[in-house]
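Asker: all I have is the shape, not the residue letters:
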């Protein structure tokens with residue numbers, strides 16, 4: 001079992017930045033792929049970014065060039081640096097993980113989920 005706890009959400013202005021953190025516990029960090037997803041009010045949860053155990057990354061087109069996902073294996077922590085924020089980035093952001101070398105975008109592929117952290121971007 002893996003427990004994930006997100007933090008770092010809050011209020012930002014358009015063009016501002018936030019850094020989300022996801023701390024994993026319960027199992028070894030090695031071998032796990034992590035993903036960030038977001039869910040806006042009235043919309044489905046969708047993929048934002050992913051990072052494999054080896055450090056390969058993947059981004060949704062809507063955040064490419066603005067968001068950066070990274071991981072610190074020594075701290076069992078995954079980060080999402082969000083720059084140039086837009087009002088449409090407003091959503092609850094969730095961290096998810098799976099024990100695999102692959103890095104899918106589908107929600108059903110991930111076994112473990114955090115409770116989410118709210119990000120609000122004002123115009």
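Answerer: Sure thing, it's come through. Source: prediction; values computed, not measured.
Asker: now the residue most central in space within the chain: which helix or strand?
Answerer: Central residue check for the chain by C-alpha atoms, centre = their mean: the C-alpha nearest the mean position is that of residue 36, 2.3 Å away. Secondary-structure element containing residue 36, defined by DSSP states H and E: strand 32-39.
Asker: parallel or antiparallel, list what pairs with that strand.
Answerer: strand 46-51 (antiparallel), strand 91-99 (antiparallel) (DSSP bridges).
Asker: so residue 88 sits in a strand?
Answerer: No: membership of residue 88 in a strand is not supported by DSSP: H, G, I helix; E, B strand; the rest coil, which gives helix.
Asker: for it, the count of nearby residues, please.
Answerer: Using other C-beta atoms under 10 Å, residue 88 has 11 neighbouring residues. Bear in mind the C-beta positions are built from the backbone N, C-alpha and C, glycine included.
Asker: same check on residue 54?
Answerer: Applying other C-beta under 10 Å, we find 8 residues neighbouring residue 54.
Asker: once you drop chain neighbours, what's closest to it?
Answerer: Using C-beta to C-beta, 6 or more residues apart in numbering and skipping the chain neighbours, the partner closest in space to residue 54 is residue 101 (7.1 Å).
Asker: now swap in residue 58 and tell me
Answerer: Across the structure, with C-beta to C-beta, 6+ apart as the measure, the residue nearest residue 58 apart from its sequence neighbours is residue 50 (4.6 Å).
Asker: repeat that for residue 95.
Answerer: Here the nearest residue to residue 95 in space, its sequence neighbours aside, is residue 22; by C-beta to C-beta, 6+ apart that works out to 3.4 Å.
Asker: coming back round to it: can you tell me the SS state at the residue nearest to residue 54?
Answerer: For residue 101, the secondary structure call by three-state DSSP comes out as coil.
Asker: no more questions from me, cheers.
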